[in-house]
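Novice: After the sequence you'll find the predicted model.
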Amino acid sequence: MPEALKIAVAQSTVHRDPSDPGLLRSSGTEVRVLLREAAAAGARLVHFTEGALCWPCKEIMSELGPDEIGPSDWTKADWTVLQEEFDSIAKLSGELGVWTVLPSIHQLPDARPHNSMYVVSDQGKVVARYDERTMSTTKITWMYTPGKDPVTFDVDGFRFGLALGLDVLFPELFTEYDRLGVDGVLVSYSTAGVTHHEHIAVQARGCAVNNTCWISLAVPANPEGGLQSGLIDPRGAWAIHAPTDGSPAVVTTEVRHDDVTQIGREFRARTRERVNS
């Protein structure tokens, strides 16, 4: 079993109008720049924030907007350009030989879309998709269809789970991934348009130490958000994080197999079995 895997966590610019093709293409361009930087640094897996291609604004999307929040009118979104940018990123992922985890909107034919995370393999193929499960009142009422299931995938002997948006506030989701044997959870969380979300880092660090797993936290390049992208180790400490000024960047380090993770997992399994017997 490989002892280490080099992972990159991106801190990228998030735009909020999916009807603007120029903004969608700008996001796609920045993602590709960061993807190339990560590959040049030797990363095997690159993780992007919620809204990496677009984090739709509830006022812009509202069919009653922009002054009143109501059901989202998803015909406003430029789905063609969004798909073109996604396809270009997936192709580049294959050319560079890296795995890419990229959040985006997943269109449904007869329902509101999912807020999703796509897993693109080092062959440039989509191999998994996770749909956000624990949504805000606005998301669930006006914007999206929630997901139902956890999702894991394996890269070079390491197993990862996926969490998106407000999932980070629900420890039971991370306990679920612990039982599924993950080495780490990739958390994508958007602070676009909001300030002072320092508590999200506290939540993520707590989930890491409680489950002795690695947590990758990918957030926007937003200096007002109070968060930086980075990697948290199984003891709850930052292994690395992006610039604190909120500038776009990608940071790279290794996740490792170690005794702490295995001992912790075995202890929790024994204790849960005893408590539940």
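Specialist: Right, received. Where do you want to start?
Novice: now the helices for the stretch 151-277 of the chain?
Specialist: Applying DSSP state H, counting those that start in this stretch to the stretch 151-277 of the chain gives helices spanning 171-179, 198-210, 259-276.
Novice: Which of these sits closest to residue 156?
Specialist: helix 259-276 (16.1 Å; CB to CB). (Each C-beta comes from the backbone N, C-alpha and C, glycine too.)
Novice: what angle do that closest one and helix 198-210 make?
Specialist: 80 degrees (axes from the mean of the first three to the mean of the last three CA atoms, to 10 degrees).
Novice: Buried residues, helix 259-276. List them.
Specialist: For helix 259-276, the neighbour count (16 or more other CB atoms under 10 Å) marks 261, 264-265, 268 as buried.
Novice: Format those as JSON lines; extra columns: pLDDT and distance to residue 128.
Specialist: Output for the buried residues of helix 259-276, formatted as JSON lines (pLDDT from 0 to 100; distance: CB to CB, whole Å):
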{"residue": "261", "pLDDT": "81", "distance to residue 128": "22"}
{"residue": "264", "pLDDT": "87", "distance to residue 128": "26"}
{"residue": "265", "pLDDT": "84", "distance to residue 128": "22"}
{"residue": "268", "pLDDT": "89", "distance to residue 128": "25"}
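Novice: May I have stretch 244-263 as CSV, with CA atoms only?
Specialist: As requested, the backbone C-alpha atoms of stretch 244-263 are provided in CSV (Å, rounded to 0.1, in the frame of the first residue of the first chain):
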residue,chain,number,x,y,z
THR,A,244,-4.6,34.3,4.2
ASP,A,245,-5.1,37.4,2.0
GLY,A,246,-7.7,35.4,0.0
SER,A,247,-5.8,35.5,-3.2
PRO,A,248,-6.2,32.7,-5.8
ALA,A,249,-3.7,29.9,-5.2
VAL,A,250,-3.1,26.2,-5.1
VAL,A,251,-1.2,24.6,-2.3
THR,A,252,0.2,21.1,-2.3
THR,A,253,1.2,18.6,0.3
GLU,A,254,1.0,14.8,1.1
VAL,A,255,-1.6,12.8,2.8
ARG,A,256,-0.2,9.7,4.4
HIS,A,257,-1.2,6.3,5.9
ASP,A,258,-0.2,6.3,9.5
ASP,A,259,-0.9,4.4,12.7
VAL,A,260,-3.0,7.2,14.2
THR,A,261,-5.7,6.7,11.6
GLN,A,262,-5.9,2.9,11.8
ILE,A,263,-5.7,2.8,15.6
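Novice: Go through it and flag the buried ones.
Specialist: Residues of stretch 244-263 classed as buried: 246, 248-256, 261 (neighbour count, 16+ other CB under 10 Å).
Novice: try stretch 124-132
Specialist: The neighbour-count check on stretch 124-132 (16+ other CB under 10 Å) flags 124, 130-132 as buried.
Novice: Which one of the buried residues of helix 259-276 is nearest to residue 212?
Specialist: Among these, residue 264 lies closest to residue 212 (CB to CB), at 3.2 Å.
Novice: Please name the residues that touch residue 95.
Specialist: Applying CB atoms under 8 Å, 6 or more residues apart in numbering to residue 95 gives the contacts residue 124.
Novice: Doesn't it lie inside a helix?
Specialist: Yes: assessed by DSSP: H, G, I helix; E, B strand; the rest coil, residue 95 belongs to a helix.
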